[in-house]
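Student: what's the 3D shape of this:
(4 chains)
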Protein chains: 2
Amino acid sequence: MGKLVYGDSADKTKMPEIDKNSFVPIYHQLFKHFEKLINTGELAPGDMLPTEMDFSEQLGISRMTVRRVISELAAAGMVYTVKGKGTFVSEPKLDEITFNLNQNLEDPELAGEVSTNLLECRIVKTDERVSRRLGIATGTRCLFCRIVTKNNNIPMLYKTIYSLYTKRAPVIENQLKDMSLTSIALQHSKNNPSRTKRVLMSSGARYDEPEVLQIEPGAPVFFMTETVYDSGNKTIAWGKSIYRGDKYRFVSYSGWNLEALKKAEEEYDNA
Amino acid sequence: MGKLVYGDSADKTKMPEIDKNSFVPIYHQLFKHFEKLINTGELAPGDMLPTEMDFSEQLGISRMTVRRVISELAAAGMVYTVKGKGTFVSEPKLDEITFNLNQNLEDPELAGEVSTNLLECRIVKTDERVSRRLGIATGTRCLFCRIVTKNNNIPMLYKTIYSLYTKRAPVIENQLKDMSLTSIALQHSKNNPSRTKRVLMSSGARYDEPEVLQIEPGAPVFFMTETVYDSGNKTIAWGKSIYRGDKYRFVSYSGWNLEALKKAEEEYDNA
DNA sequence: TAGTGGTCTAGACCACGTT
DNA sequence: ACGTGGTCTAGACCACTAA
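Tutor: Numbering: from 1, shown residues only, chains lettered A, B, ... in the order given. Have a look, this model is predicted:
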């Protein structure tokens, strides 16, 4: 790896220009400077950054301000610090594979008229099978719904949900549009949801799924279960979602910690 | 939501005890204090925290130290700040669904003897189809491999990869064990990988997949493509992975206190 | 011993929201 | 006018690394 010490004789030329009177905070100017150097490869993985004192002295800014920049770069995964040695450029994390489901629901491919059909919605007393899933006594009152989401009138997603019905709030069909299991649980259970667990599987369409989603039996689908817990670790809702395999795909990008970068930018934009 | 202002008359009783002489940094003690209050629900979403000055004065610590704690809580998503108003406890983000693939590869369910079989591995000149995928000229030299990963001698995962072969490094079979596409690209391409894109789909086994994975044609599988780019946005490797649907499942937790949830489940599973 | 990052202080001034 | 968080300073002392 490069042992290029970015400082040495080239100090002054490599130092960024900081406008202290700008409405843009100093730490943000410095952050952008390093973000660019690292992304363009001018600073390669393994390279050492100038020391905090170098920056402080040569730019005429406080060491604490320099430290803020470095800690934000570290949070973004772009650099790491070693006590007693210095600050170094990280290797990009290429094997961190995380698929975000929410992004996908707003996929441009899915843009168009989105509609939600409530196929069934009623209060049921749980049978043994559902009771076991929810970890509650058989015969407990539950809200039971089956919902299909369509895009340009093509069925895309089929949800079946069970939620404790301890609040006895009225069930309003309009409110169920785009409703997630957590918001349904929030509306109908006295216990507020505080945690969820989701399991994603690959499966073939079965039972009533082919008919509802208008696909062949056995056609590829994503099968996801959701379990919603309250703060006491009690299950208050359970649901399954069937995503048409020919319509949904999950995308993951990795490299530099893009989320942290986005966050930092959003925070700045909001401020 | 709760409008309980945690401060007011109860200030002193609610203030944490800080040991300034502890080897544990003050900011870490304070962070743990709030993490606990928020996880146990003593501080509920919407509640306002004491002001930075309150802490600074009543605990006898610097405001900058208090600010560090708050910024770390904010980075963890537990609180948010509003300029001119105060610091407030966030709602847990229950609908942030992210499936992490790496966790899953170390799934306890998959524990056992893991072996990697190299079905095929040679240098090829790319045909038109592969060239288009890699965005390179037809006939470019590429490393081509087909790998199957077995667990207790049961095939679980079937990978096919293409990587630019510009480095002409020797291909050592031992090194291919547990090798990701990015590390193969790193070894055999002169251009260092800097970004990857992955697409996850639900599919049915086809082509030679049923035979390799010892499953029925059409059986549910996760189908994932990976594309590796260098810093100039050029593709340097491409691969597809077929995960047996009956063996792999992706789990996602969201909300507060994820560690506690996992623990509780493990205890339940063991019981 | 000299240099590095890690923690912490006690102020300063500012922009913003509420009263 | 006042209180809030946001930015920034100019120091201090510490623990760790390396020569």
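Student: just for chain A, where's the confidence low?
Tutor: Applying pLDDT under 70 to chain A picks out residues A:1-14, A:102-111, A:172-178, A:256-271.
Student: And the helices in it?
Tutor: For chain A, the helices defined by DSSP state H cover A:11-14, A:26-40, A:52-59, A:63-75, A:101-105, A:128-134, A:181-188, A:209-213, A:258-270.
Student: do the third one and DNA strand C meet at all?
Tutor: Right, helix A:52-59. Yes - for helix A:52-59, a contact with DNA strand C is found by C-beta under 7 Å from any atom of the strand, at A:52-54. Bear in mind the C-beta positions are built from the backbone N, C-alpha and C, glycine included.
Student: Now do the contacts for the residue of the stretch 51-200 of chain A found nearest DNA strand D.
Tutor: Residue of the stretch 51-200 of chain A nearest DNA strand D, by C-beta to the nearest atom of the strand: residue A:84 (2.6 Å). Taking C-beta atoms under 8 Å, 6 or more residues apart in numbering or on different chains, we find residue A:84 in contact with no residue.
Student: sorry, back to before: using TSV, lay out the residues of helix A:52-59 next to DNA strand C together with distance to residue B:189 and neighbour count.
Tutor: Formatted as TSV, the residues of helix A:52-59 next to DNA strand C follow (distance: C-beta to C-beta, whole Å; neighbours: other C-beta atoms under 10 Å in any protein chain shown):
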residue	distance to residue B:189	neighbour count
A:52	36	18
A:53	39	10
A:54	35	15
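Student: Need the residues you listed in TSV (columns: distance to residue A:235).
Tutor: Below are the residues of helix A:52-59 next to DNA strand C laid out as TSV (distance: C-beta to C-beta, whole Å):
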residue	distance to residue A:235
A:52	50
A:53	55
A:54	56
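Student: how is chain A carved up into domains?
Tutor: A:8-95+A:256-270, A:101-244 (automatic domain parsing).
Student: Return the most buried member of these.
Tutor: Ranked by mean neighbour count, those are led by domain A:101-244 with a mean of 17 (mean count of other C-beta atoms under 10 Å in any protein chain shown).
Student: re earlier: the domains of chain A: which one's closest to residue B:128?
Tutor: Nearest to residue B:128 among those is domain A:101-244 (26.2 Å), distances taken as C-beta to C-beta.
Student: So that closest one, near chain B or not?
Tutor: Yes - interface with chain B: domain A:101-244 contributes A:101-102, A:180, A:182, A:193-204, A:218-222, A:228-229, A:231, A:233, A:243 (C-beta under 8 Å from any C-beta of the partner chain).
Student: Next step: these restricted to strands.
Tutor: Members of the residues of domain A:101-244 next to chain B lying in strands (criterion: DSSP state E): A:193-204, A:220-222, A:228-229, A:243.
Student: Nearest residue to the residue nearest the centre of chain A in space, please, no chain neighbours.
Tutor: Centroid check for chain A by C-alpha atoms, centre = their mean gives residue A:100 as the closest residue, at 5.2 Å. Distances taken as C-beta to C-beta, 6 or more residues apart in numbering or on different chains put residue B:98 closest to residue A:100, at 5.0 Å, once the chain neighbours are dropped.
Student: hang on, isn't the one you found packed against residue A:97?
Tutor: No - the criterion here is C-beta atoms under 8 Å, and residue B:98 misses it with residue A:97 at 10.1 Å.
Student: Of those two, which one has the most company?
Tutor: Neighbour tally, residue B:98 and residue A:97, criterion other C-beta atoms under 10 Å in any protein chain shown: the higher count belongs to residue A:97, 22 against 18.
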